[in-house]
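> structure, please.
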Amino acid sequence: MQATDGAKTLYDLMDRVLANEALDHQQKCALIDELRKNNPGASDRWTYRLAIYFLGGMTVLTIIGLVVIACIGAHAPQGLVAIGSASVGGLAGLLSSGRSKDT
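Okay, the predicted model is just below:
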């Protein structure tokens, strides 16, 4: 659903609030806090944190496993490499900025 004032995303609406000179600092803070509360993606921060911890742990364990396998001289299974690659890709997706600028 698109706002009628031209704001396309939540971040656009936050930018409009911050740029509005008719509002004082306290009003801007109150409006930004309300917008953050109504953002379903930011309301549950622990989900993202746990996903990052899990994917980071999988990445570290995969690297350790590959180093151990290389040290004993065995051939690294492709499945282990795929798990490590997928966990690094998942981390990159979670940590990259979700905001896109229309140019």
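
> residues touching residue 87, list them.
55, 56, 58, 59, 62 (CB atoms under 8 Å, 6 or more residues apart in numbering). The way it works is simple: take the backbone N, C-alpha and C, and place the C-beta from them, glycine included.

> what do you get if the cut-off is 10 Å, keeping everything else the same?
54, 55, 56, 57, 58, 59, 60, 61, 62, 63 (CB atoms under 10 Å, 6 or more residues apart in numbering).

> may I ask which helix or strand of the protein has the lowest mean pLDDT?
Every helix and strand in the chain was compared by mean pLDDT, DSSP states H and E; the lowest is helix 40-43, with a mean of 60.

> report the buried residues of whichever helix or strand comes after that one.
Later in the chain than helix 40-43, the nearest helix or strand by DSSP states H and E is helix 45-72. Neighbour counts using 16 or more other CB atoms under 10 Å place 55, 56, 58, 59, 62, 65 of helix 45-72 among the buried residues.

> let's verify residue 84: helix, strand, or coil?
helix (DSSP: H, G, I helix; E, B strand; the rest coil).

> could you find the closest non-adjacent residue to it?
residue 62 (3.3 Å; CB to CB, 6 or more residues apart in numbering).

> surely that neighbour and residue 91 touch.
No: using CB atoms under 10 Å, residue 62 is not in contact with residue 91; the gap is 11.7 Å.

> let me know the outermost residue of this structure.
Centroid-distance maximum for the chain: residue 73 at 37.6 Å, with CA atoms, centre = their mean.

> low-confidence ranges in this structure?
Low-confidence segments of the chain (pLDDT under 70): 1-7, 39-44, 97-103.

> so it: which segments form each domain?
10-42, 45-95 (automatic domain parsing).

> flag every buried residue along the shortest one.
Same thing as domain 10-42. Those would be 10, 13, 14, 17, 31, for domain 10-42 by 16+ other CB under 10 Å.

> show me what the helix or strand containing the last one is packed up against.
Residue 31 belongs to helix 25-37 when assigned by DSSP H and E. Helix 25-37 is packed against helix 10-19, helix 40-43, with contacts defined by 3 or more CB pairs under 10 Å, 6 or more residues apart in numbering; DSSP states H and E.
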